[in-house]
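Enquirer: Kindly return the folded structure for what I paste below:
(2 chains)
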Amino acid sequence: MRNEKVIVTDKLTKRYANITAVENLDLEIFKGEIFGLLGPNGAGKTTTILMLLGLTEPTSGSAEVLGFDPTRSPLEVKRSVGYLPERVGFYDHMTGRENLCYIAALNNINSKAVMKKIDELAEQVGLKDAINRKVGEYSHGMRQRLGLASCLVKSPKIIILDEPTVGIDPKGTREVQDFITRLSREEGITVILSSHLLHQVQQICDRVAIFVQGKVVAAGPIESLGKQVMPGQPFIIEVQCAEGHDVLRDNLQQIQGIEQWSEVEEKLVLTCCSDKRLEIASLAQKNNLSLLHLRLRGYDLDDIYQRYFQGGERP
Amino acid sequence: MRERKFKILEGWKVSRIIKPCFKLVAELKSSPGMWAITSKELGDHFTSLRFFIMFLLIGLASLSAVYVAALTIREAVAAAPEIDFVFLWLFNTSGKGLPPFTTFVGFLAPLMGIALGFDAVNDELNRGTMSSVLAQPVYRDAFINGKFFAGLITTSLMLMALFAVVGGLGLILIGVPPVTEEVLRILFYLVLTVVYVAFWLSLAVLFSIFFRQTATSALGCIGSWLFFTIFFGLLVGLVSNALLPLGSDAVPLEVLKHQKLQTGLLRLSPTTLYYEAAGMLLAPYQRLLGPVMLEQIEGAIPGPLPLGQSLALIWPHFVGLFAATLAIFAVCYIKFMKMEIKSS
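Expert: Below is the predicted model:
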């Protein structure tokens, strides 16, 4: 089932008067996966989401969601896609239940079945005791949970969550993440999650697209991202072992292709022409060295994040 | 079965009015989500404090006006028992320094429309509820149509209730039951008032689309209301005096031209249209609008106009108000459809 495409975009572009919010976006999202849109604020994540939902018209290019064009047939798309906006709004004078009922009514869902569904959802998102209270009394975290429930009222095939954990405490974040993972794994719902939080994306997403200034600089499974982002760069490997630098250096001399040696604090930093980690590891094992640290610098998301996002906010 | 015709409204078939109404309701129900939005808005309106305050304000003003009018009528009828259309008098008689019911309604009904519409769109945008609603399978126009219809239904119901209470009170006070024509005239007056409120409602919705802050749009609405009810007349006087100045030795033709210009300019204001039409509907003895030459009424037999004729005279007013409402609504529509709904 994994290779069934539910969302395909083709050169999707959105230009506003003076800036290009999204440029030539090509995405493929498969059924049942958790797909992360990672990027700093203003990188075009929300605009992409709005275009996928047919809430904003693309300037050029096209998108297909569950086989429908969101611009031409927005109703079909919205019928099976749940959307949690970044700052989800509810009617404060109504209770959580009434808010969900309204969403259900907008989806033309029979009102008898809906009460049961709302009870189930309230239980799932942890709002069982608060569902009959006015939303005006809710905390930010509770609103966010209600937002999750409101996405699920229509039993969607896809849910799109825009910054679902912004402003929630770590415990709440954890719970929301677990809930999202469960939705994907147990109910087979495709989840698209936008976030500027690297670690969140790293923890729960199967695949990620990294947005920088309206462009996707890399997309794919997290492990493969490094190679896409940094092609042609030398491989920089950090090594540390319990025996100290000199012993390590002596042992590693025999590996071919190490161009540069340097010491940074406790670690030995090697610049190589290819990935030498396997050789280093096996050598260390052969010579009974206790390897403490071995890392290919520049290829995990932390480095990518540092490189692109620091000061990456659009001027 | 043959269509039943009202004698007074020769050629007006009831079905011609009723059928489009049913069609409208059917349309409302068939558009996805529209009915849900309309009923939610209706619920909000009827439970809102602002509706309660407006209703109280208009209700108290109207009841006191009708009470005073009824007292005046009792005296007048006692003096001259031959007068007809006594019931209509309830609505346009003033007394003891209180203006008549029509003036109160004409003055306060726009506020009702403004109160129901000034935060229709910008409030939802600021709260972030609009993106949630539009992410559901509803067309974008359902949102604005639903808001507009809810406001319209609320005002219609409120005005109906008000008219019923006022009529009932009048009935008790003067003890003269209305004849069919009077009832019909009052009904048309009700429709006219609803159209007038619809104009202000659509203007308020327009402001709520153009301004992000609810306070700004409220101020804009109140500003235009004050402009049309108070300043417009003064402005028209100035403009017509500047365009066609009248000397002390002006010939009648010049005076007539001046008058016609002034009336024409005044009719650009929805308020003028409303008051003229309301006056015509509630005073069957009024036969003409605008300046009249003495020669024109020479030899005329004083008598009431049939309803059909009164309607024919104010038909342009009706159409004008309706067209202005539709035009403003069309602008709302276009603007809203192109609006960016990002809440941040």
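
Enquirer: For burial, what's the neighbour tally of residue 100?
Expert: Since no chain was named, I'll use chain A. Residue A:100 is flanked by 25 other residues according to other Cβ atoms under 10 Å in any protein chain shown. All C-beta spots, glycine's among them, are computed from the backbone N, C-alpha and C.

Enquirer: if you could check chain B rather than the one you did, that'd help
Expert: By the measure other Cβ under 10 Å, the count of residues near residue B:100 is 22.

Enquirer: pLDDT at it, what is it?
Expert: Reported pLDDT at residue B:100 in the predicted model: 84.

Enquirer: what does residue A:191 give?
Expert: Confidence at residue A:191, expressed as pLDDT, is 92.

Enquirer: secondary structure element for it?
Expert: Residue A:191 is located in strand A:190-195, with elements delineated by DSSP states H and E.

Enquirer: Show me what counts as buried in whichever helix or strand comes after that strand.
Expert: Following strand A:190-195 in sequence order, the next helix or strand is helix A:198-204 (DSSP H and E). Buried residues in helix A:198-204, counted by 16 or more other Cβ atoms under 10 Å in any protein chain shown: A:198, A:200, A:201, A:202, A:204.

Enquirer: Can you classify the residue in chain A positioned nearest to chain B by secondary structure?
Expert: Here chain A gets closest to chain B at one residue, residue A:89, 2.9 Å apart by Cβ to the nearest Cβ. Under the three-state scheme (DSSP: H, G, I helix; E, B strand; the rest coil), the conformation of residue A:89 reads as coil.

Enquirer: Could you do residue B:301 as well?
Expert: Assigned state for residue B:301: coil (three-state reduction, three-state DSSP).

Enquirer: Tally up the residues packed near it, please.
Expert: Using other Cβ under 10 Å, residue B:301 has 4 other residues around it.

Enquirer: Could you do residue A:132 as well?
Expert: The number of residues packed around residue A:132, counting by other Cβ under 10 Å, is 12.

Enquirer: excluding its backbone neighbours, what's nearest it?
Expert: When the adjacent residues along the chain are set aside, residue A:132 lies closest to residue A:95, with 5.3 Å between them (Cβ to Cβ, 6 or more residues apart in numbering or on different chains).

Enquirer: Residue B:153 too?
Expert: Spatially, and ignoring its direct neighbours in sequence, residue B:153 is nearest to residue B:42 (6.1 Å; Cβ to Cβ, 6+ apart).

Enquirer: residues in contact with the one you found?
Expert: By Cβ atoms under 8 Å, 6 or more residues apart in numbering or on different chains, residue B:42 lies in contact with B:150, B:153, B:154.

Enquirer: how about TSV for those residues, with pLDDT and secondary structure added?
Expert: Formatted as TSV, the entries for the contacts of residue B:42 read as follows, by pLDDT from 0 to 100; DSSP: H, G, I helix; E, B strand; the rest coil:
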residue	pLDDT	secondary structure
B:150	92	helix
B:153	92	helix
B:154	92	helix
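
Enquirer: and the gap between the residue nearest to residue B:153 and residue B:51?
Expert: Between residue B:42 and residue B:51 the distance, using Cβ to Cβ, to the nearest Å, works out to 10 Å.

Enquirer: what's the overlap in contacts for those two?
Expert: Taking Cβ under 8 Å, 6+ apart as the contact rule, residue B:42 and residue B:51 both touch residue B:154.

Enquirer: buried stuff in stretch A:40-51?
Expert: Of the residues in stretch A:40-51, those with enough neighbours to count as buried (16+ other Cβ under 10 Å) are A:40, A:42, A:43, A:44, A:45, A:46, A:47, A:48, A:49, A:50, A:51.

Enquirer: nope, stretch A:265-284 is what I was after
Expert: By 16+ other Cβ under 10 Å, the buried positions in stretch A:265-284 come out as A:267, A:268, A:269, A:270, A:272, A:276, A:279, A:280, A:283, A:284.

Enquirer: Quick check: the second one touching residue A:244?
Expert: By that I understand residue A:268. No: with the criterion set as Cβ atoms under 8 Å, residue A:268 and residue A:244 do not qualify as a contacting pair; they are 9.8 Å apart.

Enquirer: and the residue of chain B nearest chain A?
Expert: Closest approach between chain B and chain A, counting by Cβ to the nearest Cβ: residue B:128, at 2.9 Å.

Enquirer: thinking again about what came up before, narrow the buried residues of stretch A:265-284 to those in strands?
Expert: Using DSSP state E, the members of those that fall in strands are A:267, A:268, A:269, A:270, A:272.

Enquirer: Turn those into JSON lines, columns for pLDDT and distance to chain B.
Expert: As requested, those are exported to JSON lines (pLDDT from 0 to 100; distance: Cβ to the nearest Cβ, whole Å):
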{"residue": "A:267", "pLDDT": "78", "distance to chain B": "42"}
{"residue": "A:268", "pLDDT": "79", "distance to chain B": "47"}
{"residue": "A:269", "pLDDT": "81", "distance to chain B": "42"}
{"residue": "A:270", "pLDDT": "79", "distance to chain B": "45"}
{"residue": "A:272", "pLDDT": "78", "distance to chain B": "45"}
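
Enquirer: circling back: mind checking which helix or strand the residue nearest to residue B:153 is in?
Expert: Using DSSP H and E, the element containing residue B:42 is helix B:34-47.

Enquirer: Next, give me the two most distant ones among the buried residues of stretch A:40-51.
Expert: A:40 and A:51 (19.1 Å; Cβ to Cβ).

Enquirer: what about residue B:20, distance to residue A:199?
Expert: 60 Å.

Enquirer: swap that for residue A:261, sorry
Expert: If you go by Cβ to Cβ, the gap between residue A:261 and residue A:199 works out to 32 Å.

Enquirer: Residue A:127 too?
Expert: In this structure, residue A:127 lies at 26 Å from residue A:199, with Cβ to Cβ as the measure.

Enquirer: The stretch 1-150 of chain B against chain A: which residues are in contact?
Expert: On the criterion Cβ under 8 Å from any Cβ of the partner chain, chain A has as its neighbours in the stretch 1-150 of chain B the residues B:32-33, B:36-37, B:39-40, B:44, B:124, B:127-139.

Enquirer: Tell me which entries of those lie within helices.
Expert: Members of those lying in helices (criterion: DSSP state H): B:36-37, B:39-40, B:44, B:124, B:127, B:129-134.
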